[in-house]
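Participant: quick one, fold the following:
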Amino acid sequence: MQAADRGMVTWSSVSSPRLAAACVIGLLAGCNALTGVGDLAATACDTCGGGIEGGADSGTDAMTIDRDGAPVDGPVADTSMEGPGGTLDPTFGTGGIIEADLIADPRAVAVRADGRIVVAGGFQNELAAVAFTSTGAVDTTFGGNGRVAEGMGSSSVANALAFDSMGRALLGGVSVVVGTTTSTRYAYVVRIGASQVDPTFGNNGSWRGNDGGQEVRGLVVTANGGVALGVTDNANHTFWRLTAAGAPDPAFGSNGTASVSVGDETAGLVAQPDGFVSGGSGRLASNERALGAAKVSLAGLPASGFGAAGKAAARIGTKNDEIGKAIAAQPDGKVVVVGEYDPNANVNTVRRATAAVRFTATGQLDTAYGASGIAVIDLAEPLVARETQTTPVSVAIDAKGRALFVGTIDDKSIVAGGMDRSRVWVVRLRADGSFDPLFGAQGKLFVAAPGRLEARAATLQPDGKLVVVGVSRDRGKPFVARIVTSTTL
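Facilitator: This is a model prediction of the structure:
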């Protein structure tokens, strides 16, 4: 049933239960028509969840893919029995949002199988993690009243976070040592057990690299309980693999480390059955900055079957300032790198935009994705704002192969008496890359309160809800929000 496969319902080919679903969806669309919000927006009515705004469909269709999901190629998953999503979760915190005073600089989030939410970043110059229950309350059984902090050097902060099979949190980031004239950055990893730093890992709970100028930007847990790291290191995408004991794995690269020279920084890491792929920025042969990826084998050698000597890069536009922000892996071996770029420096209405490229399993630009391998998400609203900038921070795939992007949009109001805005945005796209009308307003959702919000990281819970962390710029407080992505009809 082609129409149902694409999230639409046709009366001529719907069985009885799906007919009921179509009726409900039809009523919602009618409500939207009355309120002026896009079809099937979860915020169609004024009382449908504070702090969320529907987004006008003013942009170009976009497509994305990420980790932790089912295969996305082939027919789009049947969603005809599913109701709208894209609202703050009223069972979490206060109206779906909590303010997290226990951490000052949130940069990563993960949800354990039992529902514990851990946010990682920095607090008072130390790498820090804060735990919350599934309802948004501080988990006081974790560390000292909900927080564990561990540092090395002059300051430390976490950029990446994952749980191993035993439920222990592995945090990767950077340790900075400030000298009399210079500062040196070192890759840094800490493992936390049930409630405290695990002293059996590395050197009394942590591992720090020996090479200066490195910083962990991505982290995945390996099958043997160890950890693989995506590290930015000057012009290289560098990889480290540590054993479960927190020591460099001698079976990987040269004493646990490997690198691929791509000419720019990494922004994340994904694991594949035959190796590890980092994604971020890279350079073309002409030295133009592009979105890029690098791959090494499980033995830590540049993957000969991926791109050119283990690296791939692709340009979005014509300006030399493209910055990769995240990477995602499909089960079929394809990877997507998401980033921001300048669409046209001579136009002040859009300063920075979000786009993604998809590489095949062999590191070639996938021409079947978006427009010749490139997907653009345009969230600008030129009738009400100008100088728009969108910055992606995360992408995730749900169980039906739909992709959720998360980021921040900044723009300046052109309405008399209006104010500049900073909002969190979430976009859900169906597996064919079209905006999903069952999410937010035509696939787009803006979270605008409390304060001027900036997204830092996001993750999908096992039940499909989306957890977003960030900071309220004017209130000076970090926040955690949870979004209901779907309902059942």
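
Participant: the residue lying closest to Ile414 once chain neighbours are set aside: neighbour count?
Facilitator: Computed as CB to CB, 6 or more residues apart in numbering, the closest residue to Ile414 that is not its neighbour in sequence is Arg386, at 5.4 Å. Heads up, the C-betas are built off the backbone N, CA and C, glycines and all. Residues lying near Arg386 (other CB atoms under 10 Å) number 17.

Participant: what do you get for Ile414?
Facilitator: Ile414: 14 neighbours (other CB under 10 Å).

Participant: one step back: which residues does the residue nearest to Ile414 contact?
Facilitator: Residues near Arg386 by CB atoms under 8 Å, 6 or more residues apart in numbering: Asn348, Thr349, Asp411, Lys412, Ile414.

Participant: that one and Arg421, how far apart?
Facilitator: Arg386 is 11 Å from Arg421, where distance means CB to CB, to the nearest Å.

Participant: now for the two: what residues contact both?
Facilitator: Taking CB under 8 Å, 6+ apart as the contact rule, Arg386 and Arg421 both touch Asp411.

Participant: do I have it right that Val469 meets Phe479?
Facilitator: Yes: Val469 is in contact with Phe479 according to CB atoms under 8 Å; the separation is 7.0 Å.

Participant: what sits in contact with each of these two?
Facilitator: Counting by CB under 8 Å, 6+ apart, the shared contacts of Val469 and Phe479 are Ala100.

Participant: and Ala481, helix, strand or coil?
Facilitator: strand (DSSP: H, G, I helix; E, B strand; the rest coil).

Participant: just give the nearest non-adjacent residue to Val174, would you?
Facilitator: Glu215 (4.1 Å).

Participant: any idea which element that neighbour lies in?
Facilitator: Using DSSP states H and E, Glu215 sits in strand 214-221.

Participant: and after that strand, which helix or strand comes next?
Facilitator: Once the chain leaves strand 214-221, the next helix or strand it forms, by DSSP H and E, is strand 227-233.

Participant: what's in contact with that following strand?
Facilitator: Here strand 227-233 makes contact (CB under 8 Å, 6+ apart) with 160, 162, 164, 170, 172, 187, 189, 209, 211, 213-222, 237-242, 259, 265-269, 271, 276, 278, 280.

Participant: what comes up buried for it?
Facilitator: Across strand 227-233, burial judged by 16 or more other CB atoms under 10 Å covers Val227, Ala228, Leu229, Gly230, Val231, Thr232, Asp233.

Participant: the inter-axis angle of the helix or strand just after it versus strand 227-233?
Facilitator: Once the chain leaves strand 227-233, the next helix or strand it forms, by DSSP H and E, is strand 236-242. Here the directions of strand 236-242 and strand 227-233 differ by 150 degrees (axes from the mean of the first three to the mean of the last three CA atoms, to 10 degrees).

Participant: still on that earlier bit, from the contacts of strand 227-233, list the buried ones, please.
Facilitator: Buried among the contacts of strand 227-233 (16+ other CB under 10 Å): 160, 162, 170, 172, 187, 189, 209, 214-222, 237-242, 259, 265-269, 271, 276, 278, 280.

Participant: the strands in the stretch 51-200 of the chain, which residues?
Facilitator: 52-54, 82-83, 87-88, 97-99, 105-111, 117-123, 126-132, 147-150, 155-163, 169-178, 183-192 (DSSP state E, counting those that start in this stretch).

Participant: I'd say Gly279 and Ala329 touch.
Facilitator: No: counting by CB under 8 Å, Gly279 does not reach Ala329; the two are 9.1 Å apart.

Participant: what is in contact with the two at once?
Facilitator: Common neighbours of Gly279 and Ala329 (CB under 8 Å, 6+ apart) are Val270, Val335, Val336.

Participant: TSV for these, including secondary structure?
Facilitator: TSV is the format used below for the shared contacts of Gly279 and Ala329 (three-state DSSP):
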residue	secondary structure
Val270	strand
Val335	strand
Val336	strand
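
Participant: thinking Lys319 is in contact with Asp342, fair?
Facilitator: Yes: with contact defined as CB under 8 Å, Lys319 and Asp342 form a contacting pair (4.2 Å).

Participant: comparing the two, which shows the higher neighbour count?
Facilitator: Shown here are Lys319 and Asp342; by other CB under 10 Å, Asp342 has more neighbours (20 against 14).

Participant: okay, the residue nearest the centre of the chain: pLDDT?
Facilitator: Geometric centre of the chain, nearest residue: Ser394, 1.4 Å, by CA atoms, centre = their mean. The score at Ser394 is 93. That number is its pLDDT.

Participant: for the stretch 251-400 of the chain, just list every one of the strands.
Facilitator: Assigned by DSSP E, counting those that start in this stretch, the stretch 251-400 of the chain shows strands spanning 257-261, 266-272, 275-283, 289-297, 311-314, 323-329, 335-341, 350-359, 374-377, 385-397.

Participant: neighbouring strands for the last one, and are they parallel or not?
Facilitator: Read it as strand 385-397. Here strand 385-397 has these sheet partners by DSSP bridges: strand 350-359 (parallel), strand 403-413 (antiparallel).

Participant: where in the stretch 301-450 of the chain is pLDDT low?
Facilitator: Residues of the stretch 301-450 of the chain meeting the criterion pLDDT under 70: 345-348.

Participant: again, only using 80
Facilitator: 320, 344-348, 401, 416-418, 430-434 (pLDDT under 80).

Participant: so which of the shared contacts of Gly279 and Ala329 is the most crowded?
Facilitator: Val336 (30 neighbours).

Participant: so Ala131 makes contact with Arg116?
Facilitator: Yes: here Ala131 reaches Arg116: they are 5.6 Å apart, a contact under CB under 8 Å.

Participant: overlap of the contact sets of those two?
Facilitator: Taking CB under 8 Å, 6+ apart as the contact rule, Ala131 and Arg116 both touch Asp139, Phe142.

Participant: next, count neighbours for Glu252.
Facilitator: In this structure residue 252 is Phe, not Glu. Using other CB under 10 Å, Phe252 has 25 other residues around it.

Participant: oh, that last question was meant for Ser413, not what I typed.
Facilitator: Close neighbours of Ser413, defined as other CB under 10 Å, add up to 14.

Participant: show me the contacts for it.
Facilitator: Contacts for Ser413 (CB under 8 Å, 6+ apart) come out as Val384, Ala385, Met419, Asp420, Arg421.

Participant: swap in Phe479?
Facilitator: Applying CB under 8 Å, 6+ apart to Phe479 gives the contacts Ile97, Ile98, Glu99, Ala100, Pro450, Leu453, Val469, Gly470, Val471, Ser472.

Participant: again, only using 6 Å
Facilitator: Contacts for Phe479 (CB atoms under 6 Å, 6 or more residues apart in numbering) come out as Ile97, Glu99, Gly470, Ser472.

Participant: so how far is Gly167 from it?
Facilitator: Using CB to CB, Phe479 is found at 25 Å from Gly167.

Participant: what of Thr487?
Facilitator: From Thr487 to Gly167 the distance is 30 Å (CB to CB).

Participant: over to Asp274?
Facilitator: In this structure, Asp274 and Gly167 are 27 Å apart, going by CB to CB.

Participant: can you tell me how far Phe252 is from Gly212?
Facilitator: Plainly put, Phe252 is 21 Å away from Gly212 if you go by CB to CB.

Participant: and what of Pro437?
Facilitator: Pro437 sits 50 Å away from Gly212, going by CB to CB.

Participant: now swap in Gly476 and tell me
Facilitator: Distance, Gly476 to Gly212, by CB to CB: 32 Å.

Participant: cool, and Val109?
Facilitator: In terms of CB to CB, Val109 sits 29 Å off from Gly212.
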